[in-house]
Every structure is written in C-alpha cells, then in structure tokens.
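# based on what follows, work out the 3D shape:
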Amino acid sequence: MKLLDGEINQLNTQGFLILQERFSLEEVKTIKSRLPFLFAEKHPGNIKEKESQCVRTSMGLHKRDCVFERLVSHPKLIEPAKQIYSEPLYIQQVKVNVKEAFSGEIWQWHYDFATHREEDGVEKPLAVNLHIFLDDVTEFNGPIYFIPQSHKYGDHAALLDKTSTSYPLWVVSNEVVKSLVESHGIVSATGKKGTVLIFFDTIVHGSPGNMSPWDRSIFSLIVNPVSNPPLKPTRPDYKHHLDFSPINPLSDNCLIRKD
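Residues are numbered from 1 along each chain as shown. From the prediction side, this is the model:
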C-alpha cells in the first residue's frame, strides 16, 4: 500500500492521516481472534485499568504470537512508513490499546516523544505510529483526539503523571492544550474496523473514557529509524524493543495465508 502525494502532504501538514478500511474484515477478524488468549496470559505487558482491572494495553505482541509477528511486517503498514523515511526502520513498540465498553479509561493529553526521550533516551522525534482499528471507532466509544498541526511546535514541557490512570504517561499541561486547541481545534479519529491511522511522534493527542456499550480496540506499531535508537533505555523490552534489525515487508496476504 503506497500513500498518494496528497496523503503524504496531509500527514505532513496535519500530523496525522486516516485511511479508511485498508485492512479487510477477514484480516481484522484474524488479528482479533488472538486477543483473548494474549489478554489471559500472565505477562507484564498486559497492563490493566485502574478501576475495572480489564486489560488497557497489551504490549510486546509480536514476540508473543505468530499472527502479530507477521502483522508488524505487513506491507500496508511498512510501505507507507518507508515512504515517510527512506532509511531502515526498526520495531520500537507493538501493542493493542483497549477501551472496553462502559469501563475504558482516558489517555491523558500527551505526545509520544516525551516518553521516548525521557524514558528511553531517544534523541530525535522521528518515530511514526501506525494504527489499525480493530473495532468501529465512533464519537462515542473513546476515539483518539488530535490537535491538528501541534506536531509543528516542537517540544512541549511534559510531566510524568503516575496517578490519573494505571499507565504512567508524560503529559502536557492544560494551559498548553488550551492554547493549541484555540489555534487549531480538536479532531477525533473515527472510522470502520480495518481503518489505518498514521501519526507523528510530536503530535499532541489523548482520548476520553468509553461510556458506550461498544468496545474499542486499536492495534499500534511504532517504528523508528535505525539511526535513532534509544541511548539510555530504562523501560523493559516489551515497552521499547532493543532489536534494531531493519523491518522488511512480507507479502500482502501474510495474515490470511494458508501455511
């Protein structure tokens, strides 16, 4: 899957890009079929909600499951990433973020590079997040909110929030968010299952809790140029992988092939 020139321009201008229904329903079904088993594992990469104790995020999935091992090399993800950076890329993080119906909690306003810099020692904000919607994402079940063009403003001061949710996060202040939103507004990333979402490491984003009766799960692959590794990693491998082997795309039918 190649991005069109207009799509690349939109990504560079807005900081994020929504590509509706790029993965088939069969592919999404294959991915989702692995989640109950993975969520049931006693693995440190399964991080639970503070209140409900439902899985909030499940990490390191390509090292735990053969389907995710293939998914991280899917050309519908890797080919666009290679268009963005024409140099070798490594797998930085692999996870599924979940907001269960009625109980999914917020993700505070943040930008990913703050964590990559403060906890991993990554020097440059070059990581790219590649998402797949595994459920229909609507205005009601906890979509990701983006502040368009906020990636253009460089670093914002960030503080480590260890109390709001069960997942510690380097967050930006309400004052910064208010200023950015007054200039650029807020956009919610919605779409049918199979939709691909791409965004940069410095765009400010967050998501509300899920009060609806509909689950919301999203697969996330973060890639980074091999030339931009973590210099002082403090997090376990399932949070920031230390294998810097370049990613090479597999065939387009890698998820549903009959081995």
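# tell me the spatial nearest neighbour of residue 235, not counting adjacent residues.
Counting by CB to CB, 6 or more residues apart in numbering, residue 235 lies nearest to residue 119, which is 5.4 Å off, once chain neighbours are set aside. To be clear about C-beta, it is placed using only N, CA and C from the backbone, and glycine gets the same treatment.
# pretty sure the one you found contacts residue 234?
Yes: between residue 119 and residue 234 there is a contact under CB atoms under 8 Å: 5.2 Å.
# more neighbours: these two, which one.
More crowded of residue 119 and residue 234, by other CB atoms under 10 Å: residue 119, with 18 against 11.
# need the contact list for that one.
Neighbouring residues of residue 119 by CB atoms under 8 Å, 6 or more residues apart in numbering: 170, 233-235, 240.
# again with residue 214
Under the criterion of CB under 8 Å, 6+ apart, the neighbours of residue 214 are 101, 135-136, 138, 140-141.
# and what of residue 149?
Residues in contact with residue 149 (CB under 8 Å, 6+ apart) are 13-15, 183-184.
# how about the helices of this structure, start to end?
For the chain, the helices defined by DSSP state H occupy 5-14, 25-32, 35-40, 66-71, 75-84, 112-120, 174-184.
# using CSV, lay out these together with distance to residue 213.
CSV is the format used below for the helices of the chain (distance: least, CB to CB, whole Å):
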stretch, distance to residue 213
helix 5-14, 31
helix 25-32, 18
helix 35-40, 19
helix 66-71, 27
helix 75-84, 30
helix 112-120, 30
helix 174-184, 29
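# so for residue 224, which of those sits nearest?
helix 112-120 (8.0 Å; CB to CB).
# just the mean pLDDT for the closest one, thanks.
Here helix 112-120 scores 96 as its mean pLDDT.
# check contacts around the closest residue to residue 206 other than its chain neighbours.
Distance criterion CB to CB, 6+ apart; nearest residue to residue 206, sequence neighbours excluded, is residue 109 at 4.2 Å. Applying CB under 8 Å, 6+ apart, we find residue 109 in contact with 171-172, 174, 177, 204-206.
# do you know how far residue 109 is from residue 211?
To residue 211, residue 109 is 19 Å away according to CB to CB, to the nearest Å.
# again with residue 190
Relative to residue 211, residue 190 is positioned 16 Å away (CB to CB).
# neighbour count: the two, which is higher?
Shown here are residue 190 and residue 211; by other CB under 10 Å, residue 190 has more neighbours (18 against 13).
# that one and residue 135 touch, don't they?
No: judged on CB under 8 Å, residue 190 makes no contact with residue 135 at a distance of 11.2 Å.
# any idea of the pLDDT on the residue nearest the centre of the chain?
The chain has residue 220 as the residue nearest its centroid, 3.6 Å off, counting by CA atoms, centre = their mean. pLDDT for residue 220: 98.
# who does it bridge with?
Under DSSP bridges, the beta-bridge partners of residue 220 are residue 95, residue 131.
# doesn't residue 130 make contact with it?
Yes: using CB under 8 Å, residue 220 is in contact with residue 130, at 7.3 Å.
# chain center to stretch 126-142: distance?
7 Å (CA atoms, centre = their mean, to the nearest Å).
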